[in-house]
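Q: just need the structure, nothing else, for what follows:
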Amino acid sequence: MIGWVVTFLIIALIAAILGFGGIAGASIEIAKIIFFVAIVLFLVSAVIGLARGRTRI
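A: Here you go, the predicted model:
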C-alpha cells in the first residue's frame with residue numbers, strides 16, 4: 001500500500017509541475033487516504049499480533 005501512496009504522490013508532483021491543479025489535488029487526496037488506511041491496517045495487525053501472543057512450538 002505504501003507503494004501506491006508513493007505512486008500517487010509522484011503523479012501529483014508531476015501534475016503540479018505541469019500545471020494540472022485538479023489532477024494534482026486529486027492525486028494528493030488519494031495518496032492521503034491510502035496512507036491512512038495503511039496506517040490503520042498496520043495498527044490493527046499489531047494489536048491482534050500482541051493479543052494472540054507467541055505460540056510455543
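Q: does the residue nearest to the spatial centre of the chain lie in a helix or a strand, and which?
A: What sits nearest the mean C-alpha location of the chain, by C-alpha atoms, centre = their mean, is residue 35, with 2.2 Å. Using DSSP states H and E, residue 35 falls within helix 21-52.
Q: now do that helix, average pLDDT.
A: Helix 21-52 carries an average pLDDT of 85.
Q: do the same with stretch 3-18
A: Taken as a whole, stretch 3-18 has an average pLDDT of 82.
Q: list the buried ones in it?
A: Within stretch 3-18, the residues scored as buried using 16 or more other C-beta atoms under 10 Å are 5, 8, 9, 11, 12, 15. From N, CA and C alone the C-beta is placed, and that goes for glycine too.
Q: need the contact list for residue 25.
A: Residue 25 makes contact with residue 12, according to C-beta atoms under 8 Å, 6 or more residues apart in numbering.
Q: hmm, 10 Å instead?
A: Counting by C-beta atoms under 10 Å, 6 or more residues apart in numbering, residue 25 touches 12, 15, 16.
Q: roughly how far does it sit from residue 53?
A: The spacing between residue 25 and residue 53, counted by C-beta to C-beta, to the nearest Å, is 45 Å.
Q: swap in residue 9?
A: From residue 9 across to residue 53, the span is 37 Å (C-beta to C-beta).
Q: what does residue 19 give?
A: 54 Å.
Q: swap in residue 29?
A: To residue 53, residue 29 is 39 Å away according to C-beta to C-beta.
Q: please apply the same query to residue 38.
A: Residue 38 is 25 Å from residue 53, by C-beta to C-beta.
Q: so for those two, which residue has more residues nearby?
A: residue 38 (15 against 7; other C-beta atoms under 10 Å).
Q: ok, the more buried one - contacts?
A: By C-beta under 10 Å, 6+ apart, residue 38 lies in contact with 1, 2, 3, 4, 5.
Q: and of those, the nearest to residue 45?
A: When those are ranked by distance to residue 45 (C-beta to C-beta), residue 1 comes first, at 11.9 Å.
Q: before we move on, the earlier item: tell me which residues of the helix holding residue 35 are tucked away?
A: Residues of helix 21-52 classed as buried by neighbour count (16+ other C-beta under 10 Å): 24, 27, 28, 30, 31, 34, 35.
Q: good, we can wrap up now.
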